[in-house]
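**Student:** with the input below, show me the fold.
(chains A and B)
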Amino acid sequence: MHEMSLMSEIIEIVSADAAARGFKKVNRIEVIVGDLSNVLPDALELAFLFFQRQEGGMIDGDSTLHIIREEAKAQCSACQFEFQPDYRIALCPICGSPGSLLVSGETFRVESYEGSDEDNES
Amino acid sequence: MRTMKVKLGTDVLKDNNLAAAYNRKLFRANKTLVINIMSSPGAGKTTLLEETIKALRQDFTVAVIEGDLATDRDAERLRSLGIKTIQINTVGGCHLDARMIAKTLPEFELEAIDILFIENIGNLVCPSGYDLGQDSKVVVLSVPEGNDKIPKYPVMFRRTDLTVINKIDLLPYVPFSVEEAKQDLESINPAAQLKVLSAKTGEGLDDWINWIKDAYVQCIKR
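**Tutor:** Below is the predicted model:
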């Protein structure tokens, strides 16, 4: 996808909240990435390395990014069977009905962060 | 030193979703039907739009937002049909987002526009994730690409309301199974509609045009 700009959105969301709470530094960011969100965790991590090297922000070399993968799960609307879909997201592997709905896997969310009100040097 | 964990639960695309909601409100207030058209590069989005506009322009006021990385060649093609077209160049950006659309809207007289087409960047990955405020999302798949594009890009085909199979005049020359495409689409997105056509020869175009006209009737009823 375009994980650099997505990482930039994540940092903005976290930094705005952290600044409003009077934090000086963000130690850790927790992000949930669904398997069907079209977002690549590896590319997000690479983008995070770039932001760690930026001066003047709340992220530095000690800050960490924690990515929680959310598995794709679907539930058949005919027989209620819950399954991990392959590309045939809507097709129930038990009864063959094509009416399954995704229960999870599309999430792309900043779950939480840890802030502190002094940076490491002080 | 105070260290604290803060729970956010914020959608990473929340700013895009806010801009999309703003666009949608404007489109609805002006009773403008908005169709977001996506595909891989070269599937024939602009040719389909040209033929669609020719079929609609007597009865509807149509406008277009054209997305491309560079050049306004596509916009020029549509302007030559007498259609108000705004070109967005993303200069490397792989998709249109709702903020880009919002920025172009002051250039349109929306209350006078019945149907606004948004031609997205040619890409089957990123555009699927961005709500632009449209009424319908359409994905165009062309016959020379092969019908396995559908299982290869399930997220795109899952998130669209209608799939157009274009360039069916090439079916005798390249391996493409419309039947397999139908089955794959049904197993990914059973609610999706399918239109099979050739923008070049006009075969099947009526069915697609009627779908747009029906969508317009739904739009002005709201």
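**Student:** run through the helices of the chain in chain order.
**Tutor:** Going with chain A. Ranges of helices within chain A are A:3-20, A:41-52, based on DSSP state H.
**Student:** chain B is the one I meant
**Tutor:** Under DSSP H, chain B gives helices at B:14-29, B:45-56, B:73-79, B:98-104, B:149-152, B:154-158, B:178-188, B:205-221.
**Student:** interface residues of chain B facing chain A?
**Tutor:** Contacts of chain B with chain A, taken as Cβ under 8 Å from any Cβ of the partner chain, map to B:1-15, B:93-95, B:125-126, B:128-129, B:151-152, B:154-155, B:158, B:184, B:186-190. (Each C-beta comes from the backbone N, C-alpha and C, glycine too.)
**Student:** got a list of what residue 88 touches?
**Tutor:** I went with chain A, as the question did not name one. B:P151, B:P154, B:D184, B:S187, B:I188 (Cβ atoms under 8 Å, 6 or more residues apart in numbering or on different chains).
**Student:** not what I meant, chain B
**Tutor:** B:I65, B:E66, B:G67, B:D68, B:L96, B:M100, B:T104.
**Student:** let's go with 6 Å and repeat that
**Tutor:** B:G67, B:M100 (Cβ atoms under 6 Å, 6 or more residues apart in numbering or on different chains).
**Student:** so what's A:F83 bridging to?
**Tutor:** A:A74 (DSSP bridges).
**Student:** give me the neighbour count for it.
**Tutor:** Neighbour count for A:F83, taken as other Cβ atoms under 10 Å in any protein chain shown: 16.
**Student:** and B:V155, how many neighbours?
**Tutor:** By other Cβ under 10 Å, neighbour count at B:V155 equals 20.
**Student:** wait, it sits on B:S128?
**Tutor:** Yes: B:V155 lies in contact with B:S128 (Cβ atoms under 6 Å); the separation is 5.4 Å.
**Student:** gap between B:I209 and B:K54?
**Tutor:** The spacing between B:I209 and B:K54, counted by Cβ to Cβ, to the nearest Å, is 10 Å.
**Student:** quick one: stretch B:20-29 to chain centroid distance?
**Tutor:** Mean-position distance between stretch B:20-29 and its chain equals 16 Å (Cα atoms, centre = their mean, to the nearest Å).
**Student:** got the contact list for the closest residue to B:T46 other than its chain neighbours?
**Tutor:** Setting aside the residues directly before and after it, B:T46 is nearest to B:D74 in space (Cβ to Cβ, 6 or more residues apart in numbering or on different chains), at 4.8 Å. B:D74 makes contact with B:T46, B:E66, B:D68, according to Cβ under 6 Å, 6+ apart.
**Student:** among the residues you listed, find me the one that's closest to chain A.
**Tutor:** Minimum distance to chain A across those is 16.2 Å, recorded for B:D68 (Cβ to the nearest Cβ).
**Student:** check the nearest residue to A:A78 once chain neighbours are set aside and give its pLDDT.
**Tutor:** Using Cβ to Cβ, 6+ apart and skipping the chain neighbours, the partner closest in space to A:A78 is A:S97 (3.9 Å). On pLDDT, A:S97 comes in at 93.
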